[in-house]
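**Student:** Let me see the structure of the following:
(one chain, ligands or ions: 1)
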Amino acid sequence: MNLLLKNALLLDLDLGGEGSPPKPGLEAGDLRIRDGKIKERGSLEKEPGETVHDCGGAVVLPGLVNGHTHLYSALAAGMPAPPRTPRNFHDILKLVWWRLDRAHDEASNTASALAGAMDALHCGTTTFIDHHASPECIDGSLDMIEAGLAKVGVRGLLCYEVTDRNGRDGRVAGLAESERYLGKCAKSSGGKYGALIGGHASFTLDEESMAALADLAVRHKSAVHLHVAEDPCDEVLTLSKYDVPLVDRLERHGLLGERLLLAHGTHLNASDIQRANAAKGLRSAHNTRSNMNNAVGYAPIGKLKIPVQLGTDGIGADMFEEARTAWFKSCDGGAGISPDDVLAMLANAARTASKFLGVTLGRLAVGAEADIVVTKYIPSTPLHEGNVAGHFLFALAARHVTDVMVAGEWRLRDGALTSVDEVRERQEIAKVSKALWQRLEGIKP
Ligand SMILES: [Zn+2]
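**Tutor:** Numbering: from 1, shown residues only. Purely as a prediction, here's the structure:
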């Protein structure tokens with residue numbers, strides 16, 4: 001599409017150069033889009049054959065990236081209560097999520113991804129860094145997730161959650177699916193879909209499994225996307241089962257560095273944090289609302305010097321809301337971070353997705369992918385380079401998103417999805433959810 005976005009208030013989340021931390025910015029200007037990328041930025045005139053979209057002086061920002069999530073939980077809203085009330089985090093996993101993931105089949109895997117992707121586009125989220133589990137439907141499951149995302153046109157950096165909690169066959173099938181999808185994406189990703197290597201958490205992965213994950217990461221020059229110290233049970237069970245502290249175990253497998261995307265890190269102790277900060281290339285994902293919902297505590301994001309990216313951990317894909325809550329929690333929890341640090345967490349998610357998808361996301365820069373969110377946000381108070389985070393965290397919201405483009409294609413126009421009939425899809429998804437919940441109710445913890 002030959003397109004000129006005119007009269008925009010360009011809100012940058014990442015003006016940081018390579019090796020420097022992200023920093024936000026603001027500038028009035030226009031963007032010229034060609035072949036799915038941003039070709040020019042500045043004060044631009046219409047060229048022949050070009051369609052002009054007038055942004056009316058409203059805020060335009062790069063497509064947002066959900067830095068850690070589980071699309072398989074997109075059909076969980078209002079689902080049947082667990083057989084008893086969970087007493088702790090391990091209970092929540094056993095009684096809720098490890099039953100839901102076992103209930104998934106091909107139809108519900110794809111429907112979950114589609115439902116999550118539709119929600120995301122309305123919120124200006126254009127890329128998922130997803131962590132998938134469907135133990136009764138492993139082979140090809142990442143294609144099912146990809147199919148759901150592709151239907152509405154959003155990007156995905158996907159992985160299958162390898163674990164030993166479903167026995168050896170489950171582990172072997174999870175590794176096979178990981179390797180299959182890594183191979184597929186290496187051949188034909190086109191920047192839209194890519195693969196990481198998923199692991200559940202140290203406490204459900206035996207030595208052979210951890211070694212296999214690390215081996216895949218090295219051979220495919222990728223990274224393991226792993227839950228780490230989300231709850232104290234990870235450290236306690238790792239120590240009792242494998243006789244080694246959690247971070248030592250990661251290090252022993254060569255994972256404490258660029259081969260790891262560490263989700264949560266809620267219960268990293270002072271020494272762990274020091275070692276994490278010294279680990280070159282290590283990155284982590286923070287999920288404020290999920291941590292609050294599971295009552296697992298507050299991740300030490302103020303002490304981490306490695307890039308921290310923001311994710312929803314399955315609580316939708318509204319990164320405005322997640323960022324706002326991350327800010328409130330940082331104030332309440334005394335993290336000592338700045339509003340710009342919260343925006344940097346959004347930018348860091350885009351940096352991770354960029355690295356593994358092989359394209360530039362999260363920037364309104366020449367050469368970057370044209371993943372662009374047009375809003376109707378016309379600030380009622382002065383908005384300038386110095387107070388971007390103040391507007392982002394206290395005023396900008398998903399309700400302001402009107403039009404969203406991914407790779408230069410409009411995927412949301414005037415609040416409506418362009419690729420699918422959303423009402424019809426929702427009706428079909430509701431039928432799939434009903435069947436999913438029926439299966440769920442028959443699954444014992
Ligand atoms: Zn998670």
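**Student:** what's whichever helix or strand residue 427 is part of packed up against?
**Tutor:** Assigned by DSSP states H and E, residue 427 falls within helix 422-441. Judged by 3 or more C-beta pairs under 8 Å, 6 or more residues apart in numbering; DSSP states H and E, helix 422-441 is in contact with helix 98-103, helix 106-122. Yep, even glycine has a C-beta here, placed from its N, CA and C like the rest.
**Student:** and that helix with helix 106-122, angle?
**Tutor:** Angle of helix 422-441 versus helix 106-122, following axes from the mean of the first three to the mean of the last three C-alpha atoms, to 10 degrees, is 130 degrees.
**Student:** So what touches helix 422-441?
**Tutor:** With contacts defined as C-beta atoms under 8 Å, 6 or more residues apart in numbering, helix 422-441 is touched by 75, 79-80, 99-100, 103-105, 107-108, 111, 114-115, 118, 151, 416.
**Student:** Buried ones only from the residues you listed, please, as a PyMOL command.
**Tutor:** Here is the PyMOL selection string for the buried members of the contacts of helix 422-441, based on 16 or more other C-beta atoms under 10 Å:
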select buried, resi 75+79+99+100+103+104+105+107+108+111+114+115+118+151
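**Student:** For the contacts of helix 422-441, which two are the farthest from each other?
**Tutor:** Farthest pair in the contacts of helix 422-441 (C-beta to C-beta) is 99 and 416. Separation: 35.3 Å.
**Student:** and residue 413, bridged to which residues?
**Tutor:** residue 416 (DSSP bridges).
**Student:** Next, count neighbours for it.
**Tutor:** Residues lying near residue 413 (other C-beta atoms under 10 Å) number 14.
**Student:** any idea how far it lies from residue 122?
**Tutor:** Computed as C-beta to C-beta, to the nearest Å, the residue 413 to residue 122 distance reads 12 Å.
**Student:** Can you show me the helices along this protein?
**Tutor:** With DSSP state H as the criterion, the chain has helices at 89-92, 98-103, 106-122, 141-152, 167-188, 207-219, 232-242, 246-252, 270-277, 288-293, 319-332, 339-357, 388-394, 422-441.
**Student:** Can I get the first one in CSV, CA atoms only?
**Tutor:** Going back to what we said before, that points to helix 89-92. Output in CSV follows, covering the C-alpha atoms of helix 89-92 (Å, rounded to 0.1, in the frame of the first residue of the first chain):
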residue,chain,number,x,y,z
PHE,A,89,0.3,-20.5,43.5
HIS,A,90,1.1,-24.1,42.9
ASP,A,91,-2.6,-24.9,43.6
ILE,A,92,-3.6,-22.2,41.1
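**Student:** In that helix, which residues are buried?
**Tutor:** 89-90, 92.
**Student:** Please list the residues outside it that contact it.
**Tutor:** Residues outside helix 89-92 that contact it (C-beta under 8 Å, 6+ apart): 86, 230-231, 233, 294-296.
**Student:** what about 10 Å?
**Tutor:** Identification of contacts with helix 89-92 by C-beta atoms under 10 Å, 6 or more residues apart in numbering yields 82, 84-86, 98, 203, 230-234, 236-237, 266, 291, 293-297, 445.
**Student:** What subset of these is buried?
**Tutor:** Using 16+ other C-beta under 10 Å as the burial test, those include 82, 86, 98, 203, 230-231, 233-234, 237, 266, 291, 294, 296-297 as buried.
**Student:** and which of these is nearest to residue 369?
**Tutor:** The nearest member of the buried ones among the contacts of helix 89-92 to residue 369, counting by C-beta to C-beta, is residue 291 at 30.4 Å.
**Student:** Brilliant, that's me finished.
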